[in-house]
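Colleague: sharing a model prediction with you, sequence too.
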Amino acid sequence: MLNFMESGHIKVDQMGKQYDFKIKGAKIFAACNEITRLSKPLQSRFRRLHLPSYTEEQFIEVSVKVLPKLKIARVIGKAVWDQRGDIRDVISIGKLVRKNDGPEEVEQIISTTTKYGKLKEH
């Protein structure tokens, strides 16, 4: 078990031993998709920031940044945006695309993943 307080104080209980120490300047960041799935005590340890959703253009730009080696990153980003997917879907599709694939192959991959996999409407 690991406890971290805003003060930087850390308490670890592990394998029957306890460690207690302080880290100066440590900052903890976390992200979640469903805040209700986190316990109230854990929620109370964080400040909540609600970030706005990407616009379509922002989503496509992020897609290009996470797939820097693929010339077709914009096409992937647009196709995933149209399916209401997220950036993790862009990365997954990017791993399946070959270097010389075009829009048709991207569409085929997305069609298949939509039918059989994760890219179903959220």
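Modeller: Right, received. Where do you want to start?
Colleague: point out where this structure drops to low pLDDT.
Modeller: For the chain, applying pLDDT under 70 flags the ranges 1-9, 118-122.
Colleague: surely Ile35 and Phe46 touch.
Modeller: No. Using Cβ atoms under 8 Å, Ile35 makes no contact with Phe46, being 9.5 Å away. Glycine gets a C-beta too; all of them are placed from N, C-alpha and C.
Colleague: which neighbours do those two share?
Modeller: Here Ile35 and Phe46 share no contacting residue, scored by Cβ atoms under 8 Å, 6 or more residues apart in numbering.
Colleague: max-length helix in the protein?
Modeller: helix 103-116 (DSSP state H).
Colleague: isn't Val97 right up against Glu107?
Modeller: No. Here Val97 does not reach Glu107: they are 11.0 Å apart, not a contact under Cβ under 8 Å.
Colleague: who has more neighbours out of the two?
Modeller: Set Val97 next to Glu107 and count neighbours by other Cβ atoms under 10 Å: Val97 wins out with 18 against 12.
Colleague: who are the contact partners of that one?
Modeller: Counting by Cβ under 8 Å, 6+ apart, Val97 touches Leu70, Ile72, Ile76, Glu105, Val106, Ile109.
Colleague: can I get the buried part of those as one ChimeraX selection?
Modeller: Buried subset of the contacts of Val97, written as a ChimeraX selection, criterion 16 or more other Cβ atoms under 10 Å:
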select :70,72,76,106,109
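Colleague: please consider this matter closed, and thank you.
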